[in-house]
Each structure stands twice: as structure tokens, then as C-alpha cells.
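1. Could you work out the structure for the sequence below:
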Amino acid sequence: MAKVVKQLKLQIEAGKAVPAPPLGPALGQAGVNIGEFVNQFNAATQDQMGEKVSVIINIYDDRSFDFQVKTPITAKLIMKAAGVNSGSGRPNVKKAGKITQAQLEEIAKVKMEDLNAHDIEAAKKIIAGSARSMGIEIVD
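-> Presented below is the predicted three-dimensional model:
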């Protein structure tokens, strides 16, 4: 069994990975076949096209690799639900947008597998904290 020699954590747009920076240099330094990774990643994330996802790449001593695709980035999901392009630079003073409790619950359901939460209520609190730090209000 090959031994993991390096683990990369990257954020890549699903279905649109290209060998250009920052992906190419990160994989090249690790000795991974960049074209092979790009093809496998794009095929695996075809259904999430356009979303930016986190990916963990395990690189083994024989230069083989495997990867695990995580759920889309929380901030991107919140901004999409609120209909804004960015959060507030001053979240306690200036609000950037609003999301409803239903939207909050939907985001929590999507992110549940990647969060350190035992139930949906705990996941909603985690997502609500991220939204507050971005200047997004949660309304009923």
C-alpha cells in the first residue's frame, strides 16, 4: 500500500478545473499528473458546475493520487441566497443583505456532512454565525 506523502487542500470551481495557476503549480510541485487530475475532477464535479468547492487531494509516494470533493463554500452559498456579490466590510455597521430562516435551513442541509454538528439546529447556528460575520441578516 502506498503511503500518503502530501495532502493538498484547494478551492476549485466545480467542472471547470484547468492546469493554470493556482492548481497547476500546486500539483506540479507534488509530482501529480495535472491533466489526469483535471479530467477526473471535472468529471466528478460535473453536477455542481459553477459552484466553488473545496477538494482534499491525497498524493502518494508512487505519484498516484485520490481526492475528496467537499460541499460548496459556505460564504458562496450565503451570498447566492442573499443575492449579493460580497459580504459587508463592516458587518456590525453596514448590512449586505438578508436571508430567510428557510434559506438558512436549506444551506445547513447542504453543508451538514462537512460541518461539526450533530443535528440540523446546530448546523443552522454555524451557518447563521458565518452569515452574521458577512453582514447578512437572518429574517423570519
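2. most residues in a single helix of the protein, which one?
-> Longest helix in the chain by number of residues (criterion: DSSP state H): helix 120-133.
3. Does anything pack onto the following helix or strand past that one? Which helices or strands?
-> Using DSSP states H and E, the helix or strand that follows helix 120-133 in sequence is strand 136-139. On a contact count with 3 or more Cβ pairs under 8 Å, 6 or more residues apart in numbering; DSSP states H and E, strand 136-139 meets helix 74-82, strand 97-100, helix 101-111, helix 120-133. For the C-beta atoms, the positions are set from N, CA and C on the backbone; glycine is no exception.
4. Deepest-packed of those, please.
-> For the helices and strands packed on strand 136-139, average neighbour numbers computed from mean count of other Cβ atoms under 10 Å are highest in helix 74-82, which has a mean of 20.
5. any idea of the mean pLDDT in that helix?
-> Mean pLDDT, helix 74-82: 95.
6. ditto for stretch 99-110
-> What stretch 99-110 shows for mean pLDDT is 97.
7. Run the chain-centre distance for that stretch.
-> 16 Å (Cα atoms, centre = their mean, to the nearest Å).
8. How about residues contacting it?
-> Identification of contacts with stretch 99-110 by Cβ atoms under 8 Å, 6 or more residues apart in numbering yields 71-72, 74, 77-78, 81-82, 115, 120, 123-124, 126-128, 131, 136-140.
9. domains in this structure, as residue ranges please.
-> Domain assignment for the chain, taken from automatic domain parsing, gives 4-70, 73-139.
10. got any ranges where the protein has weak pLDDT?
-> For the chain, the stretches with pLDDT under 70 are 1.
11. can you rerun that using 90?
-> 1-2, 21-22, 31, 50, 63, 92, 140 (pLDDT under 90).
12. follow-up on the earlier one: now distance to Ala17 too, for the helices and strands packed on strand 136-139, in JSON lines please.
-> Shown next, in JSON lines, are these (distance: least, Cβ to Cβ, whole Å):
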{"stretch": "helix 74-82", "distance to Ala17": "16"}
{"stretch": "strand 97-100", "distance to Ala17": "29"}
{"stretch": "helix 101-111", "distance to Ala17": "21"}
{"stretch": "helix 120-133", "distance to Ala17": "25"}
